[in-house]
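Asks: Got a sequence here, can you model it:
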Amino acid sequence: MLRIILAYFIVLFAINISADVAKNDTCKGCHPTIYNEFTASAHKKSTIFEDPIHKAIWDKHPGKKKDKYSCAKCHTPSDTRIMKALDDAQAAAPRYDDGQNEGISCITCHSIKSIEAHSTPHDKNILVDNEDKRPTLYASSSEKRGATVKYETKSSFMGMMKSTTGSPYHDIDYSNDNFYTGKMCMGCHGHKENKHGQNVCTTEAAGAKDEKKNCITCHMQKVQGSATTIKMSKTHTSHDFAGTRNKPEMLAKYLKITFAKTSTGFNLVLENEATHNLLLHPLRVAKLNVRVNSGTNTKVLKSESFVRILGNDGKPAMPWLATGIYKDNMLKAGESRTIKYDTMVNSGDMVEAQFGYYLVNPKMQKKLNLIDNNNITKFNILKTEFFQVK
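Replies: Numbers count the residues shown, from 1 in each chain. Below you'll find the predicted structure:
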């Protein structure tokens, strides 16, 4: 019993620290499954020390020379040293310490009370004030929606049996609509404008309004396993944040490829059923590779690329220099696009359509010193479909 009480006060103290955001491993004891998912996610690996792409951009960013890591507001909001420096207009560069190691922490996301709209550079997360009191964290639950669950112990049968509700370490508020629509993601993922007013990266707001289909229902789907060890459940909301970096098969569900023979060849129809551009990051490039297999002969057709490239003065440009869009033919939200091929096909031929992407455009890999990173230079196959011509 003494050990349990001691553990309670240690964790409670860790969560209530006002000078620093509680560490992620504070949550591990009660949420081991979620913790393991999170530690492998892009949210945990959002820093320059774990994300080579982010580091490559930071190494060329003008803010590096000024020691002004403004990226911290979304990439490392748990680093209170840098966050305070930014608020005070002071210099602060990333350093490998506890603040950076937390990435986008559990406590940060579950403390988002609301989103404050800003045209530039991006919207702002408004966090619940948990200083000097028992912390309140937000979550979603269809069964408990609207309630705030506090820790309670109830006795029955003359005290011989006890049952508990809630968490002994924090209250849980299930009334925040933002956690049901996905709007709580939009403070960082909604839009990002540079000093020229150019929108560098955008996620359509429509994707964070519908409770049945939004950021959370797509990127944090329900999976097997209990959310907590305090009260066991069959399923929980996955915290691996599926996307191009992790479990791209989720994205594959929203891409449909269909085939139709024509009088001059054939068409492939690509349909993006996602509520945003198929790929959002301006460094990404998608590619459609097509082969026609006729007996023992194989003909490789010209690949189609899909990009959104930022530009300045009619040339491709880095995000902080961009004043416009150099090229944008990325598959838009809900778009159905027909790709026409003038290659004749006959009955029995097999058309192979392979759709995939590069995390970083091959034309930029050398410039960003990423050419030796196999995870970045490889072509990631999202979906392959075979169509037999009738």
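Asks: Which pLDDT value goes with the nearest residue to C201 once chain neighbours are set aside?
Replies: Leaving aside its chain neighbours, C201 sits nearest to K192 (4.8 Å; criterion: CB to CB, 6 or more residues apart in numbering). Where you see a C-beta, it was placed from the backbone N, CA and C, and this is true even at glycine. Looking at K192, its pLDDT reads 93.
Asks: Is K192 in a helix, a strand, or coil?
Replies: strand (DSSP: H, G, I helix; E, B strand; the rest coil).
Asks: From V285, how far off is it?
Replies: 19 Å (CB to CB, to the nearest Å).
Asks: of these two, who's got more company?
Replies: When neighbours are counted by other CB atoms under 10 Å, V285 comes out ahead of the other of K192 and V285, with 23 against 20.
Asks: Not counting its neighbours along the chain, what's nearest the more buried one?
Replies: Nearest non-adjacent residue to V285 (CB to CB, 6+ apart): N361, at 4.4 Å.
Asks: Next: S105.
Replies: S78 (4.0 Å).
Asks: ditto for H196
Replies: Closest residue in space to H196, ignoring its immediate chain neighbours: T323 at 4.8 Å, by CB to CB, 6+ apart.
Asks: Pretty sure N176 sits against K113.
Replies: Yes - under the criterion of CB atoms under 8 Å, N176 makes contact with K113 at 7.0 Å.
Asks: okay, the two: which has more neighbours?
Replies: A direct count of neighbours by other CB under 10 Å for N176 and K113 places N176 higher, at 20 against 16.
Asks: Disregarding flanking residues, what is the spatial nearest neighbour of the more buried one?
Replies: Nearest to N176 is Y138, by CB to CB, 6+ apart, at 4.4 Å.
Asks: how much space is there between the one you found and P94?
Replies: 28 Å.
Asks: Next: W320.
Replies: For W320, the distance to P94 - CB to CB - is 17 Å.
Asks: Neighbour count for these two, which is higher?
Replies: Using other CB under 10 Å as the criterion, W320 and P94 rank with P94 on top: 23 against 17.
Asks: tell me the contacts of that one?
Replies: 47-49, 58, 69, 72, 76, 79, 82, 100 (CB atoms under 8 Å, 6 or more residues apart in numbering).
Asks: in this structure, which spans are helices?
Replies: Along the chain, counting by DSSP state H, helices occupy 2-15, 32-39, 52-60, 62-65, 72-75, 80-87, 98-101, 106-110, 178-181, 186-189, 215-219, 249-252, 362-365, 374-377.
Asks: any idea how far the residue nearest to C201 is from H281?
Replies: 11 Å.
Asks: likewise M83?
Replies: M83 sits 24 Å away from H281, going by CB to CB.
Asks: Look at T229 and report its pLDDT.
Replies: For T229, pLDDT reads 92.
Asks: Could you check how many residues crowd around the residue nearest to L321 when sequence neighbours are not counted?
Replies: Setting aside the residues directly before and after it, L321 is nearest to N312 in space (CB to CB, 6+ apart), at 5.0 Å. Neighbours of N312 under the rule other CB under 10 Å: 16.
Asks: isn't N312 right up against G324?
Replies: Yes - between N312 and G324 there is a contact under CB under 8 Å: 7.2 Å.
Asks: quick one: contacts for the nearest residue to K213 once chain neighbours are set aside?
Replies: Among residues not flanking K213 along the chain, T275 sits closest, at 6.7 Å (CB to CB, 6+ apart). Contacts for T275 (CB under 8 Å, 6+ apart) come out as 204, 206-207, 210, 213-214, 218, 333-334.
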